[in-house]
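Asker: Model the following, please.
(chains A and B)
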Amino acid sequence: MRQPVRDGLAIGLAVAIVGITFGVLARSSGLGVAKTCAMSLLVFTGASQFALVSISAAGGSVGAALGSALLLSARNGLYGPVVAQWFRGRPLVERLAITQIVIDESTGVGAAQADAPTDNPHDARVGFLAAGLTLYVGWNLGTLVGALAGDLVGDTSRWGLDAAFPAAYLSLLAPHLRSRPGQVAATLAAALVVLGIPLLPTGVPVLIAALAALPASWLRNREDLR
Amino acid sequence: MSWSTILGLAAGAFAFKYFGLFILARLGLDGAMLHLVQLLPAALLGALVALGVFDNGDTHTVLTRLAGVAVGAVAAWRRAPLVVVLVAAAAVTAALRAAT
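Answerer: Below is the predicted model:
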């Protein structure tokens, strides 16, 4: 059993630093402090925010930038059914309140808390909330710092953070790799992404890779039938 | 960039989250559907690992990143706390880039 609050804090810190990077990037593309911070508060999806800002800055059309950014946020929809399990029986207001924080890392931390989420929704919920809330605060504080004081922070791209996130996801993936269906889902998805990156527009490979859950689930169905 | 573009992205991003949480989730989760949903985190996390390692940067960037992730993976396998995994991965990557 992992430490949900500690995990949440660790990822929150990494996300805060990336938030600084976003704040700096947005400002350097000409966006004001208000718009920069509004994006992090209202969109709260890093990949989408980076896409919108960098594609616009590179001269892309609004349609292209928005389209790519939206594609990158589509996978959050796939987390909904996963997260919903942990909030069954909870008040509607609570579920509405957490909608904004349904993202990769919060869902990942929640899903890592229990091998059978439907049996142990409490631990998963605690993990999800700890990560999601820490991330929300961290991302937005980071954005604010980057937007206001970017020059003072320096070049975070040399800190190797781009390795920290895949490592974090790998760490969160580990509990799922204990089962054969989990191994199949993860490996097949990774393979689909590697194949898809050179062929598909940004944001699409991950969505295609989600399909890997399907054959993996057939394995689990067959396990059940024994 | 106009406010309407930003608000448009915000609305769209929220709509996806809402759709998943309130509409997709209602589609009667039992048996096969439940198994599918339970395996989505494994698939998506696997995808995100691959994406994170390979998606951006030239060969040198990707290789140094891969080295960092590999070190992080060992730390994770040894059940190190997440913060150690993150710091190890980032530090190894940064050090390799500074040195090569």
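Asker: so where do the helices sit in the chain?
Answerer: Picked chain A for this. Assigned by DSSP state H, chain A shows helices spanning A:4-28, A:33-42, A:46-57, A:62-73, A:75-86, A:92-98, A:104-112, A:121-153, A:161-173, A:180-196, A:204-209, A:213-225.
Asker: oops, chain B please
Answerer: In chain B, the segments counted as helices under DSSP H are B:3-18, B:31-54, B:59-77, B:82-99.
Asker: With respect to residue A:38, which of these lies nearest?
Answerer: Judged by C-beta to C-beta, the one of the helices of chain B that comes nearest to residue A:38 is helix B:3-18, at 6.0 Å. Placement of C-beta: from N, CA and C, glycine included.
Asker: got the angle between the closest one and helix A:75-86?
Answerer: Between the axes of helix B:3-18 and helix A:75-86, defined by axes from the mean of the first three to the mean of the last three C-alpha atoms, to 10 degrees, the angle is 40 degrees.
Asker: residues in contact with helix B:3-18?
Answerer: With C-beta atoms under 8 Å, 6 or more residues apart in numbering or on different chains as the contact definition, helix B:3-18 has outside contacts at A:35, A:38-39, A:42-45, A:48-49, A:52, A:56, A:62, A:65-66, A:69-70, A:73-74, A:76-77, A:79-80, A:99-100, A:102.
Asker: How about the contacts made by the residue lying closest to residue A:203 once chain neighbours are set aside?
Answerer: The shortest distance from residue A:203 to any residue other than its chain neighbours is 3.2 Å, reached at residue A:71 (C-beta to C-beta, 6 or more residues apart in numbering or on different chains). Contacts for residue A:71 were tallied using C-beta under 8 Å, 6+ apart; they are A:201, A:202, A:203, A:204, A:207.
Asker: Please verify my assumption that the third one contacts residue A:55.
Answerer: No - the criterion here is C-beta atoms under 8 Å, and residue A:203 misses it with residue A:55 at 11.6 Å.
Asker: any common contacting residues for these two?
Answerer: Residues touching both residue A:203 and residue A:55 (C-beta under 8 Å, 6+ apart): residue A:68.
Asker: Kindly write the PyMOL command that selects the buried subset of the contacts of helix B:3-18.
Answerer: Command for PyMOL, covering only those of those found buried under the criterion 16 or more other C-beta atoms under 10 Å in any protein chain shown:
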select buried, chain A and resi 35+38+39+42+43+44+45+48+49+52+56+65+66+69+70+73+74+76+77+79+80+99+100+102
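Asker: Where does pLDDT dip in chain A?
Answerer: Counting by pLDDT under 70, chain A has low-confidence residues at A:1-2, A:114-119, A:153-156, A:226.
Asker: Which one of the residues in it is closest to chain B?
Answerer: Checking chain A residue by residue against chain B with C-beta to the nearest C-beta singles out residue A:80 as nearest, at 2.1 Å.
Asker: That residue and residue A:86, how far apart?
Answerer: Using C-beta to C-beta, to the nearest Å, one obtains 11 Å as the distance from residue A:80 to residue A:86.
Asker: what's the closest of the helices of chain A to residue B:70?
Answerer: With C-beta to C-beta, the closest approach to residue B:70 among the helices of chain A belongs to helix A:161-173: 8.8 Å.
Asker: Might you list the low-confidence residue ranges for chain B?
Answerer: When residues are selected by pLDDT under 70, those of chain B lie in B:28.
Asker: Which one of the residues in chain B is closest to chain A?
Answerer: For chain B, C-beta to the nearest C-beta, closest residue to chain A: residue B:20, 2.1 Å.
Asker: Without its sequence neighbours, what residue ends up closest to the residue minimising distance to the centre of chain B?
Answerer: Taking C-alpha atoms, centre = their mean, the centroid of chain B lies closest to residue B:48, which sits 3.8 Å from it. Excluding the flanking residues, the one nearest residue B:48 by C-beta to C-beta, 6+ apart is residue A:169, at 4.6 Å.
Asker: And for residue A:197?
Answerer: Taking C-beta to C-beta, 6+ apart as the measure, residue A:197 lies nearest to residue A:205, with 5.5 Å between them; neighbours along the chain are not counted.
Asker: Before I go, just wanted to say thanks for your time.
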